[in-house]
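Visitor: Whatever this is, show me its structure:
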Amino acid sequence: MSSNDVEMKEAGTVPVEASAGAGGAAAESAAVAGSAAATSAASVDAGKPVAVPAEAAPAPAEPQKPEPEDHRKTGVSDEVVVEFDHVTKTYHLYKNDKGRLLGVFGVRKPGWFLGDVNANNNLTFKIRKGEAVAFLGRNGAGKSTALKMITGVVYPTEGEVKVNGRVSALLELTAGFDMKLTGRENIALRGQIMGLSNEEIARLEPKVIEFADLGLYIDQPMRTYSSGMKARLGFGFAVGTDPEILVVDEALSVGDKAFKEKCVKRIREIMMDENVTVLFVSHSSSTVREFCSRGIVLDHGTEVFDGPIEEAVAYYETNY
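Guide: I've put the predicted structure just below:
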């Protein structure tokens, strides 16, 4: 045994024989790496860290919420389609039917005549073709009365209401129906009341029947319909007539959930038509902001604000 072998054995080490090729190189590299790791560990133990920490990866950006879709119209014509000129609608209130009958002949018997109420008071405004206008106000403010005068259901006591265009109203859905006639016959009846030609009624009928989805009941007398079925037929007729002026009451409730969604979708399609003027009654600020560009606020039948929808909503929410 040589002197070098004796020294290595005393030191507790084992000689590593060099081998030719990659095996020897790999062994030598492993030894070096082990030595480096031992040195690093010793340094850490001595309180002298030498490793440099890597930079932290940037936190992922939070996904941005999409902005609500704006359905408001942009194209408005200069043509005036609705005009109120100092319009007042007065209702005479009576205690009973006898007093009401006498009132027809101008007799107001004390105790039977209760007084007058102005549902609308000196309203004056113009609405142009293509506008989407929201009527805002508390219950009893006169919103529905104003729209009923536009649809021709009631007439003003004073002043003048001018309407230029075909009106379709989602207010009184069953108005104009004869309960003795079938649903199909009532479609023809209401079409004639609106002044549609026979050809227009023939084109309208299948659209109304498809939308109302009454099945075999379409050929049954309407007296056999439930209130929901009557409303479905009325709604189908209203949205199937391709209106030039659409009057919408947001509080309208028709049928089940699926049919309501179908109704809302159809209303939105009509409202986005630039040639259709929309008059919208609502208590929902978010809904009127989505669809309307102008707001008219009523209070006890009197117009208290008329302007851009954002300002109208702010006025309504601040004061009511």
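
Visitor: Could you tell me the end-to-end distance of stretch 189-197?
Guide: Between the opening and closing residues of stretch 189-197 lies a distance of 11 Å (C-alpha to C-alpha, to the nearest Å).

Visitor: just the helices in the chain please.
Guide: Counting by DSSP state H, one finds helices in the chain at the ranges 3-10, 22-45, 97-104, 143-151, 183-193, 198-212, 227-240, 257-271, 285-291, 309-319.

Visitor: how about those helices, which one is nearest V247?
Guide: Distances from V247 to each of these were compared using C-beta to C-beta; the shortest belongs to helix 143-151, at 5.1 Å. No exception for glycine: its C-beta is placed from N, CA and C like everyone else's.

Visitor: In TSV: the helices of the chain, plus mean neighbour count.
Guide: Listed next are the helices of the chain as TSV, based on neighbours: other C-beta atoms under 10 Å:
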stretch	mean neighbour count
helix 3-10	10
helix 22-45	11
helix 97-104	13
helix 143-151	22
helix 183-193	19
helix 198-212	16
helix 227-240	22
helix 257-271	15
helix 285-291	18
helix 309-319	16
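
Visitor: can you put the ones you listed in a markdown table and add distance to L171 and mean pLDDT?
Guide: What follows is those, written out as a markdown table (distance: least, C-beta to C-beta, whole Å; pLDDT from 0 to 100):
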| stretch | distance to L171 | mean pLDDT |
| --- | --- | --- |
| helix 3-10 | 107 | 46 |
| helix 22-45 | 82 | 43 |
| helix 97-104 | 24 | 90 |
| helix 143-151 | 6 | 92 |
| helix 183-193 | 14 | 92 |
| helix 198-212 | 18 | 93 |
| helix 227-240 | 9 | 88 |
| helix 257-271 | 13 | 81 |
| helix 285-291 | 17 | 84 |
| helix 309-319 | 21 | 94 |
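
Visitor: Any chance of TSV for these, columns distance to V161?
Guide: Shown next, in TSV, are the helices of the chain (distance: least, C-beta to C-beta, whole Å):
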stretch	distance to V161
helix 3-10	116
helix 22-45	91
helix 97-104	23
helix 143-151	5
helix 183-193	19
helix 198-212	25
helix 227-240	20
helix 257-271	23
helix 285-291	23
helix 309-319	22
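
Visitor: and F125, what does it touch?
Guide: Applying C-beta atoms under 8 Å, 6 or more residues apart in numbering, we find F125 in contact with 83-84, 296, 303, 306.

Visitor: What's opposite it in the beta bridge?
Guide: F84 (DSSP bridges).

Visitor: So what's the predicted local confidence for it?
Guide: F125 is assigned a pLDDT of 96 by the prediction.

Visitor: In contact with D219, which residues?
Guide: 182-184.

Visitor: With respect to N121, which of the residues you listed is nearest?
Guide: Nearest to N121 among the contacts of D219: G183, at 40.0 Å, using C-beta to C-beta.

Visitor: residues touching that closest one, list them.
Guide: For G183, the contacting residues are 209, 212, 214, 217-220, 222, 225, 233, taking C-beta under 8 Å, 6+ apart as the criterion.

Visitor: could these go into CSV alongside distance to N275?
Guide: Below are the contacts of G183 laid out as CSV (distance: C-beta to C-beta, whole Å):
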residue, distance to N275
I209, 25
A212, 25
L214, 30
Y217, 34
I218, 30
D219, 34
Q220, 36
M222, 32
Y225, 33
L233, 26
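
Visitor: Give me the below-cutoff pLDDT ranges for the stretch 51-200 of the chain.
Guide: Under the criterion of pLDDT under 70, the regions of the stretch 51-200 of the chain flagged as low confidence span 51-76.

Visitor: Quote the end-to-end distance of stretch 126-137.
Guide: 19 Å.

Visitor: hmm, I was thinking of stretch 298-315
Guide: Counting by C-alpha to C-alpha, you get 11 Å between the two ends of stretch 298-315.

Visitor: Let me see the ranges of the strands in the stretch 51-200 of the chain.
Guide: 80-94, 113-128, 132-136, 158-163, 167-170 (DSSP state E, counting those that start in this stretch).
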